[in-house]
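Undergrad: From the sequence below, what's the structure:
(4 chains)
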Protein chains: 4
Amino acid sequence: MTAFATATRPAALARPVVHAAVIELIATAFLLIAVVGSGIMAERLAAGNTGLALLANAVATGGALVALILAFGPQSGAHMNPAVTLAAAATDRLRWRAVPAYIAAQIIGAILGVWLAHIMFGLPIWQLSQHARTGPPQWVAEVIATFGLLMVIWGCRAHREPVTAFAVAAYITGAYWFTASTSFANPAVTIARALSNTFAGIRPEDAPGFISAQFVALALALPLLRRAPLAGER
Amino acid sequence: MTAFATATRPAALARPVVHAAVIELIATAFLLIAVVGSGIMAERLAAGNTGLALLANAVATGGALVALILAFGPQSGAHMNPAVTLAAAATDRLRWRAVPAYIAAQIIGAILGVWLAHIMFGLPIWQLSQHARTGPPQWVAEVIATFGLLMVIWGCRAHREPVTAFAVAAYITGAYWFTASTSFANPAVTIARALSNTFAGIRPEDAPGFISAQFVALALALPLLRRAPLAGER
Amino acid sequence: MTAFATATRPAALARPVVHAAVIELIATAFLLIAVVGSGIMAERLAAGNTGLALLANAVATGGALVALILAFGPQSGAHMNPAVTLAAAATDRLRWRAVPAYIAAQIIGAILGVWLAHIMFGLPIWQLSQHARTGPPQWVAEVIATFGLLMVIWGCRAHREPVTAFAVAAYITGAYWFTASTSFANPAVTIARALSNTFAGIRPEDAPGFISAQFVALALALPLLRRAPLAGER
Amino acid sequence: MTAFATATRPAALARPVVHAAVIELIATAFLLIAVVGSGIMAERLAAGNTGLALLANAVATGGALVALILAFGPQSGAHMNPAVTLAAAATDRLRWRAVPAYIAAQIIGAILGVWLAHIMFGLPIWQLSQHARTGPPQWVAEVIATFGLLMVIWGCRAHREPVTAFAVAAYITGAYWFTASTSFANPAVTIARALSNTFAGIRPEDAPGFISAQFVALALALPLLRRAPLAGER
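TA: Next comes the predicted model:
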């Protein structure tokens, strides 16, 4: 009844799936609070200065990622992302039977996070985004963003653990700016952001295009992820 | 006469309470200098651009937290926060008899910090804030902010110590933006900010609502904090 | 058939040159996506506020560098820079016979990255920059920028590896602001940025001046790099 | 002929004073290039937005400090600051006979850095600042800034070395905003900034007030610095 395969970190893998799933739910909820909440705050305070709003949004998301991965990584891996969970299972870092619980927890947590952000900022809980994000350039951007995210996470396996938190947070902070899609790179995040008609939202009809691009990136990255060296192995 | 329970870090726990309390006082004073001082500077330089002011305020507070927790963590835990001190006692990381000295030092240090900020910027020392921060959305925000802060600190126990400084600083920098209340998350800070009629202030009559929300978060988090793994335990 | 000399990190040096070159290509492509992509995004969103645009550009580049060096450092050294590769060979950190593959991969990857950035943002793939960057002050700036970069990398050899990622990223984020040239400091990056008529571009006719200045810095730094202490040696 | 007392890090202390002084000169030159250069760039690009200019100046200085302390700390301690050097000697971290060479190198390096910044940005090399920075609030600010800086550096002795770089950089980035003086906190930096009539300058007649405040802070901090725990000691 353990979530992780025992090869890499035997002690960590003795935790039950339920505990790991609860942690994934809490972590992903906070991630969406960070993404959507800081987007709302930024839109209100930046008064039409979209550049300043995106800068605040990127810094807040990066800050949250550092904290969430450091705090929750030891308990569940702090994936917060179905693409990461699938890649973990495909590279023997997570048992396949833990995958459904992980992904369900991520999607539920993500939606919960969006709703908590709406409550905090005094907005209607139920919303559908009207923010159009579609077309080949955006899809190429999501492929690049997700491919890079997976390469960064798996590349960091060669170090001891805390390094991944800084690498992922720095990558996403940058990718908000250097990808044309502002780097969703996460199917659970994409679904949840469709439920917020605020700065960070995406129209529900545009979500499948983004999610498809994210899975294309997963397929492209997997052969390389399998070759990433482990700590002590290089 | 030691401040810490001896289970986790025996050597650190041999320091007397008085030394730890003096360190808490200095650390919390610097934290409030950072929060209130950078708020004043930001308000002056940003010339009405509240988004830019909050960005500077958040970056400055995060910078101070990295430095203060790294520098003072080994000597007192660098709590700077009665909610953290109470949670530490409730999870056997601090002896209960050290709690009154810690909290007194935090409140005195926080007020001292606000007054030093006023002196530095040539303002009257004694002030009462007129900045309204109240209502259910703000209180929900404080519950979320404080709950997340405690989860982050206790989650980081699974790593070796310096990691907590980066996680907390990153979290608070983000939470300035992603919570509707700009994340006070600290009763001593709330009391002290009531004494500053500047960017970071809160009306004295609104402070009890914030502090109550912070204690609600403490009560919600405690059962989870008790389950956080220690380093070497996972 | 290994890329690294065996003196410092024997295990790392057993990887074949081809694998290291592929990693250099991917890493340098992402670096240019970050530099050019965030420049395009910044120019669009900042609406004429060049200061805000450069701040976003610097933060995004720094974020990418943290992630890329942490993720790819263990596999190829994550040079992404012919000046670094040549210095590595000259100080016995890389076998000379690996140098051509490294530099070719860096230049190809850099150009590929620029083109991917253009595709993502819906721009023509083939462009030539019209951004003039020339004259003695700019060349002095490139000498200083490159000299400092090399000193920082080699100085960090006294620590264990992950530190270099943070030092380089922090240095470049700063150097975007503190050098008059915004710190190209990299011949492969200079060539690729000549192929983008966007915020980050440089006129093709100005590239040789920048690259020459970068090699002057390499010559000036080499005697000092040879004296940098190794970890465990100081 | 070694620069450091042998108590703490015997291997590091075997380096000759001359090598350490050259490193201090290079490091302090880069620090002033960062402070003054980014100030010039910020003033040019921010177009009257002083808040944005100070944010860029603070981020660039913090970035440079991370890199410089990580890279040069192992070779000289990377003091770049006579107040730090004197405190190091007074707490047995540096031999007194190394102090004159350190301080001379810091002052020469600082001035050289200012002049290089002027050259890079096409300005006259020789300048005297006309930027008034005086009065009791500014002096109180310098006492607080310097006292905090010393407390942070000595507090970090309880960790292993690389931590200090992040703590100092984060502290100074914050202190640009949270002290009324923007935190010079360094006599060599103060002297050199008197020689630049740009964003970061200070009138020559105001420098003695700042430097006096910095020495007051040194006197206040010394008794506490002597009590800071060493790594392995807590």
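Undergrad: Tabulate the CA atom coordinates of stretch A:199-211 in PDB.
TA: Extracted C-alpha coordinates of stretch A:199-211, given in PDB (Å, rounded to 0.1, in the frame of the first residue of the first chain):
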ATOM      1  CA  PHE A 199      -6.500  37.300 -15.000                       C
ATOM      2  CA  ALA A 200      -5.300  33.700 -14.900                       C
ATOM      3  CA  GLY A 201      -8.300  32.100 -16.600                       C
ATOM      4  CA  ILE A 202      -8.600  30.100 -19.800                       C
ATOM      5  CA  ARG A 203     -11.900  29.600 -21.800                       C
ATOM      6  CA  PRO A 204     -13.200  26.000 -21.200                       C
ATOM      7  CA  GLU A 205     -13.300  25.400 -24.900                       C
ATOM      8  CA  ASP A 206      -9.600  26.200 -25.100                       C
ATOM      9  CA  ALA A 207      -8.600  23.900 -22.300                       C
ATOM     10  CA  PRO A 208      -8.500  20.700 -24.400                       C
ATOM     11  CA  GLY A 209      -5.900  22.200 -26.800                       C
ATOM     12  CA  PHE A 210      -3.700  23.100 -23.900                       C
ATOM     13  CA  ILE A 211      -4.000  19.700 -22.200                       C
END
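Undergrad: Relative to D:Leu52, how far out is A:Pro136?
TA: Distance, A:Pro136 to D:Leu52, using CB to CB, to the nearest Å: 35 Å. C-betas here are computed from N, CA, C, even on glycine.
Undergrad: And for A:Ser183?
TA: 24 Å.
Undergrad: and if you look at A:Arg193?
TA: From A:Arg193 to D:Leu52 the distance is 29 Å (CB to CB).
Undergrad: Tell me which of these two has more neighbours.
TA: More crowded of A:Arg193 and D:Leu52, by other CB atoms under 10 Å in any protein chain shown: A:Arg193, with 29 against 24.
Undergrad: Report the contact partners of the more buried one.
TA: Neighbour list for A:Arg193: A:32, A:35-36, A:114, A:129, A:184, A:200-202 [criterion: CB atoms under 8 Å, 6 or more residues apart in numbering or on different chains].
Undergrad: residue in chain A nearest to chain D?
TA: Chain D sits closest to A:Leu52 of chain A, with a gap of 9.1 Å, by CB to the nearest CB.
Undergrad: Make sure that residue is actually in contact with B:Ala56.
TA: No. Contact criterion CB atoms under 8 Å: A:Leu52 and B:Ala56 do not qualify, at 11.4 Å.
Undergrad: just for chain A, where's the confidence low?
TA: Of all residues in chain A, those with pLDDT under 70 make up the ranges A:1-15, A:161, A:232-234.
Undergrad: wait, A:Ala200 sits on A:Ala34?
TA: No. Using CB under 8 Å, A:Ala200 makes no contact with A:Ala34, being 9.8 Å away.
Undergrad: longest single helix anywhere in chain A?
TA: helix A:50-76 (DSSP state H).
Undergrad: does any bit of that helix sit next to chain C?
TA: Yes. Counting by CB under 8 Å from any CB of the partner chain, chain C has neighbours in helix A:50-76: A:50-52, A:54-55, A:58-59, A:62.
Undergrad: tell me the angle that helix makes with helix B:50-76.
TA: Counting by axes from the mean of the first three to the mean of the last three CA atoms, to 10 degrees, helix A:50-76 lies at 30 degrees to helix B:50-76.
Undergrad: burial measure for the closest residue to A:Trp115 other than its chain neighbours, as a count.
TA: Distances taken as CB to CB, 6 or more residues apart in numbering or on different chains place A:Ile125 nearest to A:Trp115, at 5.0 Å, with adjacent residues excluded. A count of nearby residues for A:Ile125, using other CB under 10 Å, gives 11.
Undergrad: now A:Ile125: how far from chain B?
TA: Going from A:Ile125 to chain B by CB to the nearest CB, to the nearest Å gives 12 Å.
Undergrad: Just to check, that residue is in contact with A:Ala117?
TA: No. With contact defined as CB under 8 Å, A:Ile125 and A:Ala117 do not form a contacting pair (9.7 Å).
Undergrad: buried set for stretch A:79-99?
TA: Residues of stretch A:79-99 classed as buried under the neighbour-count rule (16 or more other CB atoms under 10 Å in any protein chain shown) are A:79-89, A:91, A:93-95, A:98-99.
Undergrad: what's the first-to-last distance across it?
TA: In stretch A:79-99, first residue to last residue: 11 Å (CA to CA, to the nearest Å).
Undergrad: and stretch A:148-156, does that touch chain B?
TA: No. Judged by CB under 8 Å from any CB, stretch A:148-156 and chain B are separated, with a smallest distance of 14.7 Å.
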